[in-house]
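Novice: For reference, the sequence and a predicted model appear below.
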Amino acid sequence: MKKSNAADIFGKAPVFQAVFKNALPAMAAMLMVLIYNLADTFFIGQTHDALQVAAVSLATPVFLIFMAAGTIFGIGGTSVISRAIGEGRHEYARSVCAFCMWSCVAVGIVMAALFLIYESDTGMDGRQRGYLGAC
């Protein structure tokens, strides 16, 4: 079986095949996250401590906020990168990829710092004081 690179997949393969080859690993990753969350909640539920289960439930939206911030750069970056590859500007595509990656890291650090600074004062994660020890 011939091993194909990204240029072959996006440049020469039919659209359905290119989308399928890239969507399948993404769907598998989402399925693994779902299984992990179900197993995590199940085993924490075995402790019969409602505060610990609530802590997992309250941490999920915070996790999704961080994921959304990363997705902003991922979606915009892939659009610019795909157009650059189509135009044959591979070095520009590499620099956009690096910019998006490091921007995600920087935004994540800033968001984490802001969350840690302001979360106890504003309750921005939606939890009540009773859950503080479990989180």
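Specialist: Structure's in. What do you need?

Novice: shaky segments in this protein?
Specialist: Residue ranges of the chain with pLDDT under 70: 1-10, 120-135.

Novice: center of the protein - which residue?
Specialist: M67 (3.9 Å; Cα atoms, centre = their mean).

Novice: That one: which element?
Specialist: Assessed by DSSP states H and E, M67 sits inside helix 50-86.

Novice: Output the contacting helices and strands for that helix.
Specialist: Where contact means 3 or more Cβ pairs under 8 Å, 6 or more residues apart in numbering; DSSP states H and E, helix 50-86 is packed against helix 6-11, helix 15-45, helix 90-122. (Glycine included, C-beta is placed from N, CA and C.)

Novice: could you dump those to a markdown table with mean neighbour count and distance to S57?
Specialist: Output for the helices and strands packed on helix 50-86, formatted as a markdown table (neighbours: other Cβ atoms under 10 Å; distance: least, Cβ to Cβ, whole Å):
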| stretch | mean neighbour count | distance to S57 |
| --- | --- | --- |
| helix 6-11 | 12 | 39 |
| helix 15-45 | 11 | 8 |
| helix 90-122 | 13 | 16 |
